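>>> give me a model of this one.
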Amino acid sequence: MSKTLELHQPVHDVIEDDDDLAPPPPIPSVKWRIQVGDAEYGPYPRSRLIDFLKEGRVVASTLLCCGADTEFVRADRHPQLRWDFNRRRKFGDPRLDPGETEVPVCNYFIAGRLLSTSDAFEKVLRESGKMTRAAGDMWVLRSRLTVQQIRNKLTSIMRPHEYFIIVNATKDRLAWYSIGAENDVAVRAVWDSDEVQ
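Numbers count the residues shown, from 1 in each chain. Got it, this is the predicted structure:
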(Lines give C-alpha, C1' and ligand atoms only; values in the text may rest on other atoms or scores of the structure.)
Protein backbone atom coordinates (compact mmCIF):
# COMPACT_ATOMS: atom_id res chain seq x y z
CA MET A 1 0.00 0.00 0.00
CA SER A 2 1.45 3.39 -0.96
CA LYS A 3 1.84 6.19 1.52
CA THR A 4 0.10 9.52 0.92
CA LEU A 5 2.03 12.74 1.30
CA GLU A 6 -0.02 15.35 3.09
CA LEU A 7 0.89 18.84 1.99
CA HIS A 8 1.01 20.23 5.52
CA GLN A 9 3.64 17.69 6.62
CA PRO A 10 7.36 18.11 5.88
CA VAL A 11 8.72 15.44 3.58
CA HIS A 12 11.27 14.14 6.12
CA ASP A 13 8.40 13.31 8.52
CA VAL A 14 6.53 11.22 5.96
CA ILE A 15 9.37 9.17 4.48
CA GLU A 16 10.58 6.95 7.29
CA ASP A 17 12.83 4.55 5.36
CA ASP A 18 14.99 4.96 2.27
CA ASP A 19 14.30 1.30 1.44
CA ASP A 20 10.80 2.30 0.28
CA LEU A 21 12.33 4.37 -2.54
CA ALA A 22 13.13 2.39 -5.66
CA PRO A 23 15.83 3.75 -7.95
CA PRO A 24 14.53 5.10 -11.24
CA PRO A 25 14.58 2.60 -14.08
CA PRO A 26 17.61 2.81 -16.39
CA ILE A 27 17.17 4.78 -19.58
CA PRO A 28 16.98 2.25 -22.40
CA SER A 29 19.56 2.77 -25.10
CA VAL A 30 18.29 3.38 -28.61
CA LYS A 31 18.80 0.41 -30.89
CA TRP A 32 19.37 0.48 -34.65
CA ARG A 33 18.23 -2.00 -37.29
CA ILE A 34 19.78 -2.42 -40.73
CA GLN A 35 17.96 -3.59 -43.85
CA VAL A 36 19.88 -5.36 -46.63
CA GLY A 37 17.63 -6.54 -49.44
CA ASP A 38 14.71 -8.31 -47.76
CA ALA A 39 16.68 -9.15 -44.61
CA GLU A 40 16.66 -7.11 -41.41
CA TYR A 41 19.61 -7.19 -38.98
CA GLY A 42 19.84 -5.98 -35.42
CA PRO A 43 18.92 -4.39 -33.16
CA TYR A 44 22.39 -2.93 -32.57
CA PRO A 45 23.44 -0.32 -30.00
CA ARG A 46 24.71 2.99 -31.38
CA SER A 47 28.32 2.02 -30.59
CA ARG A 48 28.04 -1.02 -32.88
CA LEU A 49 26.47 1.12 -35.63
CA ILE A 50 29.44 3.51 -35.36
CA ASP A 51 31.78 0.50 -35.73
CA PHE A 52 29.89 -0.51 -38.88
CA LEU A 53 30.20 3.05 -40.24
CA LYS A 54 33.95 3.15 -39.55
CA GLU A 55 34.44 -0.27 -41.14
CA GLY A 56 32.48 0.72 -44.23
CA ARG A 57 29.79 -1.89 -43.62
CA VAL A 58 27.17 0.88 -43.41
CA VAL A 59 27.36 3.35 -46.29
CA ALA A 60 25.26 6.34 -47.36
CA SER A 61 22.69 4.17 -49.18
CA THR A 62 22.28 1.60 -46.35
CA LEU A 63 18.73 1.54 -44.99
CA LEU A 64 18.49 2.16 -41.22
CA CYS A 65 15.68 2.20 -38.68
CA CYS A 66 16.05 3.68 -35.20
CA GLY A 67 14.29 2.70 -31.97
CA ALA A 68 10.56 2.03 -32.30
CA ASP A 69 10.39 3.49 -35.82
CA THR A 70 9.08 1.14 -38.50
CA GLU A 71 10.21 2.99 -41.62
CA PHE A 72 13.73 2.40 -42.94
CA VAL A 73 15.60 5.50 -44.17
CA ARG A 74 18.86 5.86 -46.10
CA ALA A 75 21.76 6.40 -43.69
CA ASP A 76 22.77 9.71 -45.29
CA ARG A 77 19.22 11.05 -44.82
CA HIS A 78 18.40 9.60 -41.40
CA PRO A 79 17.52 12.45 -39.00
CA GLN A 80 18.97 10.61 -35.97
CA LEU A 81 22.34 9.86 -37.56
CA ARG A 82 25.07 12.49 -37.78
CA TRP A 83 27.78 11.12 -40.04
CA ASP A 84 29.90 12.72 -42.73
CA PHE A 85 29.65 10.42 -45.75
CA ASN A 86 31.57 12.94 -47.92
CA ARG A 87 35.00 12.53 -46.35
CA ARG A 88 37.95 12.71 -48.74
CA ARG A 89 38.99 9.19 -47.86
CA LYS A 90 36.07 6.81 -47.51
CA PHE A 91 36.19 4.17 -44.80
CA GLY A 92 37.50 0.98 -46.34
CA ASP A 93 39.71 2.82 -48.82
CA PRO A 94 43.39 1.97 -48.53
CA ARG A 95 44.90 3.71 -45.54
CA LEU A 96 48.61 3.88 -45.06
CA ASP A 97 49.96 2.90 -41.68
CA PRO A 98 52.78 4.98 -40.15
CA GLY A 99 55.94 4.50 -42.20
CA GLU A 100 54.17 3.20 -45.32
CA THR A 101 54.61 5.13 -48.56
CA GLU A 102 52.30 3.00 -50.72
CA VAL A 103 49.41 0.61 -50.22
CA PRO A 104 50.93 -2.68 -49.06
CA VAL A 105 50.28 -6.08 -50.56
CA CYS A 106 48.57 -8.28 -47.97
CA ASN A 107 47.88 -11.99 -47.62
CA TYR A 108 44.30 -13.00 -46.79
CA PHE A 109 42.70 -16.23 -45.66
CA ILE A 110 38.99 -16.46 -46.50
CA ALA A 111 36.55 -19.14 -45.36
CA GLY A 112 32.88 -19.21 -46.13
CA ARG A 113 29.65 -21.13 -46.38
CA LEU A 114 28.30 -20.99 -49.90
CA LEU A 115 25.03 -22.69 -50.74
CA SER A 116 25.45 -22.39 -54.50
CA THR A 117 28.49 -22.62 -56.73
CA SER A 118 31.55 -20.62 -55.79
CA ASP A 119 31.96 -19.15 -59.30
CA ALA A 120 30.83 -15.59 -58.45
CA PHE A 121 32.76 -15.67 -55.15
CA GLU A 122 35.97 -16.76 -56.87
CA LYS A 123 35.45 -14.21 -59.67
CA VAL A 124 35.44 -11.39 -57.07
CA LEU A 125 38.59 -12.83 -55.48
CA ARG A 126 40.37 -13.11 -58.88
CA GLU A 127 39.47 -9.48 -59.64
CA SER A 128 40.89 -8.49 -56.23
CA GLY A 129 44.35 -10.03 -56.66
CA LYS A 130 46.09 -13.37 -56.96
CA MET A 131 44.03 -16.20 -55.42
CA THR A 132 43.73 -19.93 -55.05
CA ARG A 133 41.33 -22.31 -53.37
CA ALA A 134 42.97 -23.80 -50.27
CA ALA A 135 40.37 -26.53 -49.66
CA GLY A 136 36.58 -26.78 -49.68
CA ASP A 137 35.16 -23.29 -49.12
CA MET A 138 38.53 -21.78 -48.14
CA TRP A 139 40.74 -19.49 -50.23
CA VAL A 140 44.05 -17.66 -50.02
CA LEU A 141 44.30 -14.22 -51.64
CA ARG A 142 47.20 -11.78 -52.12
CA SER A 143 45.92 -8.26 -52.80
CA ARG A 144 46.45 -4.52 -52.40
CA LEU A 145 42.80 -4.11 -51.34
CA THR A 146 41.92 -3.62 -47.68
CA VAL A 147 39.98 -6.21 -45.73
CA GLN A 148 36.97 -3.83 -45.78
CA GLN A 149 37.11 -3.44 -49.57
CA ILE A 150 37.23 -7.20 -50.08
CA ARG A 151 34.34 -7.71 -47.65
CA ASN A 152 32.24 -5.08 -49.43
CA LYS A 153 32.86 -6.69 -52.84
CA LEU A 154 31.98 -10.17 -51.57
CA THR A 155 28.93 -8.95 -49.65
CA SER A 156 27.33 -7.73 -52.88
CA ILE A 157 27.18 -11.28 -54.32
CA MET A 158 26.19 -13.24 -51.20
CA ARG A 159 22.83 -15.02 -51.02
CA PRO A 160 20.64 -15.51 -47.93
CA HIS A 161 22.15 -17.87 -45.32
CA GLU A 162 25.62 -17.61 -46.88
CA TYR A 163 28.48 -16.14 -44.88
CA PHE A 164 32.22 -15.67 -44.85
CA ILE A 165 35.11 -14.54 -42.68
CA ILE A 166 38.32 -12.87 -43.90
CA VAL A 167 41.62 -12.76 -42.01
CA ASN A 168 44.28 -10.29 -43.10
CA ALA A 169 47.28 -12.41 -42.15
CA THR A 170 49.72 -9.60 -42.95
CA LYS A 171 48.16 -6.86 -40.81
CA ASP A 172 46.32 -8.94 -38.20
CA ARG A 173 42.88 -7.66 -39.18
CA LEU A 174 39.56 -9.43 -39.46
CA ALA A 175 36.24 -8.95 -41.27
CA TRP A 176 33.14 -11.08 -41.74
CA TYR A 177 29.65 -11.15 -43.16
CA SER A 178 26.39 -12.64 -41.87
CA ILE A 179 27.85 -14.90 -39.17
CA GLY A 180 25.05 -13.99 -36.73
CA ALA A 181 24.84 -11.71 -33.70
CA GLU A 182 26.11 -14.23 -31.13
CA ASN A 183 29.06 -15.25 -33.28
CA ASP A 184 29.76 -11.58 -34.02
CA VAL A 185 30.08 -10.83 -30.29
CA ALA A 186 32.11 -13.99 -29.63
CA VAL A 187 34.57 -13.34 -32.47
CA ARG A 188 35.14 -9.73 -31.37
CA ALA A 189 35.68 -10.87 -27.77
CA VAL A 190 38.35 -13.38 -28.80
CA TRP A 191 40.06 -11.32 -31.51
CA ASP A 192 40.47 -8.22 -29.34
CA SER A 193 41.11 -10.04 -26.05
CA ASP A 194 44.20 -9.31 -23.96
CA GLU A 195 43.94 -12.79 -22.45
CA VAL A 196 44.99 -15.99 -24.20
CA GLN A 197 43.36 -18.45 -21.79
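>>> low-confidence stretches in this structure?
Counting by pLDDT under 70, the chain contains low-confidence residues at 1-29, 87-101, 197.
>>> what ranges does it have for its strands?
31-36, 39-45, 63-66, 73-74, 106-113, 130-135, 138-143, 163-168, 173-177 (DSSP state E).
>>> what's the angle from the longest one to strand 130-135?
What it means is strand 106-113. Orientation check (axes from the mean of the first three to the mean of the last three Cα atoms, to 10 degrees): strand 106-113 against strand 130-135 gives 40 degrees.
>>> what do you get for the last one?
For the pair strand 173-177 and strand 130-135, the angle between their directions (the same axes, to 10 degrees) equals 70 degrees.
>>> repeat that for the first one.
Calculated by the same axes, to 10 degrees, strand 31-36 forms an angle of 100 degrees with strand 130-135.
>>> for strand 31-36, which helices and strands make contact with it?
Packing partners of strand 31-36 (3 or more Cβ pairs under 8 Å, 6 or more residues apart in numbering; DSSP states H and E): strand 39-45, helix 46-55, strand 63-66. Every C-beta, even on glycine, is put in place using the N, C-alpha and C of the backbone.
>>> who wins for proximity to residue 31 among the ones you listed?
With Cβ to Cβ as the measure, strand 39-45 is the member of the helices and strands packed on strand 31-36 nearest residue 31 (3.2 Å).
>>> who does that closest one pair up with?
Partners of strand 39-45 in the sheet, by DSSP bridges, are strand 31-36 (antiparallel).
>>> in the partner strand, which residues are buried?
31, 32, 33, 34, 36 (16 or more other Cβ atoms under 10 Å).
>>> what does that strand rub up against?
40-46, 48-49, 52, 58, 62-67, 72 (Cβ atoms under 8 Å, 6 or more residues apart in numbering).
>>> go again using 6 Å as the cut-off
Strand 31-36 is contacted by residues 40, 41, 42, 43, 44, 49, 63, 64, 65, 66, 72 when judged by Cβ atoms under 6 Å, 6 or more residues apart in numbering.
>>> that one vs helix 46-55, what angle?
40 degrees.
>>> and the chain, what are its domains?
Residue ranges for the domains of the chain, per automatic domain parsing: 17-91, 93-197.
>>> follow-up on the earlier one: just put the contacts of strand 31-36 in a markdown table and tack on distance to residue 195 and neighbour count.
Formatted as a markdown table, the contacts of strand 31-36 follow (distance: Cβ to Cβ, whole Å; neighbours: other Cβ atoms under 10 Å):
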| residue | distance to residue 195 | neighbour count |
| --- | --- | --- |
| 40 | 34 | 13 |
| 41 | 29 | 15 |
| 42 | 29 | 15 |
| 43 | 29 | 17 |
| 44 | 25 | 19 |
| 49 | 27 | 25 |
| 63 | 38 | 17 |
| 64 | 34 | 23 |
| 65 | 36 | 20 |
| 66 | 35 | 19 |
| 72 | 39 | 16 |
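>>> cheers, nothing more for now.
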